[in-house]
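A.B. asks: quick one, fold the following:
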Amino acid sequence: MNEYPITLILIAINVVFSLIGFSNKEMLARTIMWPYYVKRKNEYYRFITSGFLHADYMHLFFNMFTLYFFGRNIELMINHLQLGGTIAYMGLYLGALIISDIPSYFKNKDHFEYRALGASGAVSAVVFAAIVFSPWSSIYLYGAIKISAALYAILFIVYCIYMGKKGNDHINHDAHLWGAIFGLLFTLILVGIKQPALFEGILDELKHPSLFGRG
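C.D. replies: Numbering: from 1, shown residues only. Prediction:
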């Protein structure tokens with residue numbers, strides 16, 4: 001029996017929906033995050049549907065590759081530690097899709113030209129949720145530079161804030177940032193509600209830092 005079925009289902013939906021969007025411009029226009037129409041036509045479903053679309057194959061591959069490795073870990077954790085199972089995992093993923101788009105919505109609700117798409121906000125949430133439980137595990141930047149997950153989290157937030165203010169590369173850094181923050185807070189709140197005894201282990205893990213990660 002597969003121990004991370006929701007992660008695989010989410011990947012499958014992302015792939016199918018994105019592939020359709022690559023060739024169906026009408027469907028893309030109806031489902032992409034378009035704050036101008038969300039405000040004027042109350043098309044709030046776009047907060048969800050836009051998160052299953054991607055700009056191109058590389059965008060899709062990178063997000064799904066990351067989701068596979070971090071998503072299966074956090075899905076296993078949520079199930080094995082009795083943190084709410086499927087409902088909690090879906091709450092993390094879908095909640096991040098919505099929350100990560102809210103800043104961009106308010107910033108661009110009167111800009112007809114602005115559109116956004118991608119699962120990056122949700123994927124960032126999943127990554128940061130996994131980091132809560134394994135802050136000193138190893139992450140390889142660009143597949144070569146080994147650092148700890150905690151250091152990666154700090155660098156990621158600083159980079160998102162900096163690039164979000166610079167705003168000249170057509171990437172929604174605000175979605176990445178707020179998705180990550182949501183994932184961190186959601187997981188901590190979930191632990192506090194469902195299994196507060198786990199905080200002792202989480203805090204103990206933080207007391208034994210490793211700059212370049214372990215494992």
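A.B. asks: in stretch 130-147, what's buried?
C.D. replies: Buried positions in stretch 130-147, judged by neighbour count with 16 or more other CB atoms under 10 Å: 130-137, 139, 147. In short, each C-beta sits where N, CA and C put it, glycine included.
A.B. asks: so which of those are in strands?
C.D. replies: Within the buried residues of stretch 130-147, residues falling in strands by DSSP state E are 139, 147.
A.B. asks: would you turn the buried residues of stretch 130-147 into TSV with pLDDT?
C.D. replies: Listed next are the buried residues of stretch 130-147 as TSV, based on pLDDT from 0 to 100:
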residue	pLDDT
130	95
131	95
132	96
133	94
134	93
135	94
136	93
137	92
139	88
147	92
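A.B. asks: out of the buried residues of stretch 130-147, the closest to residue 96 would be?
C.D. replies: Comparing the buried residues of stretch 130-147 against residue 96 with CB to CB places residue 130 closest, at 13.0 Å.
A.B. asks: enumerate every residue touching the closest one.
C.D. replies: 70, 73-74, 77, 149 (CB atoms under 8 Å, 6 or more residues apart in numbering).
A.B. asks: where do the strands of the protein begin and end?
C.D. replies: Using DSSP E, strands in the chain cover 138-141, 145-148.
A.B. asks: thinking again about what came up before, top of the contacts of residue 130 by neighbour count?
C.D. replies: Counting neighbours by other CB atoms under 10 Å, residue 74 comes out on top of the contacts of residue 130 with 29 neighbours.
A.B. asks: who are the contact partners of that one?
C.D. replies: Residue 74 makes contact with 89, 92, 126, 129-130, 133, 187, according to CB under 8 Å, 6+ apart.
A.B. asks: in helices, which of those residues appear?
C.D. replies: Among these, DSSP state H puts 89, 92, 126, 129-130, 133, 187 in helices.
A.B. asks: flag the shaky bits of the protein, pLDDT-wise.
C.D. replies: By pLDDT under 70, the low-scoring segments of the chain are 1, 215.
A.B. asks: so which residues of it form helices?
C.D. replies: Here the chain has its helices, by DSSP H, at 5-23, 25-31, 35-41, 46-49, 57-80, 85-108, 120-133, 149-166, 173-194, 198-206.
A.B. asks: what's the most buried one of those?
C.D. replies: helix 120-133 (a mean of 27; mean count of other CB atoms under 10 Å).
A.B. asks: count the residues that sit near the closest residue to residue 75 other than its chain neighbours.
C.D. replies: Using CB to CB, 6 or more residues apart in numbering and skipping residues adjacent in sequence, the residue nearest residue 75 is residue 4, 4.4 Å away. Using other CB under 10 Å, residue 4 is surrounded by 18 other residues.
A.B. asks: still on that earlier bit, can you redo the buried residues of stretch 130-147 as a markdown table with distance to residue 59?
C.D. replies: Putting these into a markdown table (distance: CB to CB, whole Å) gives the following:
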| residue | distance to residue 59 |
| --- | --- |
| 130 | 21 |
| 131 | 23 |
| 132 | 26 |
| 133 | 28 |
| 134 | 26 |
| 135 | 28 |
| 136 | 30 |
| 137 | 25 |
| 139 | 20 |
| 147 | 24 |
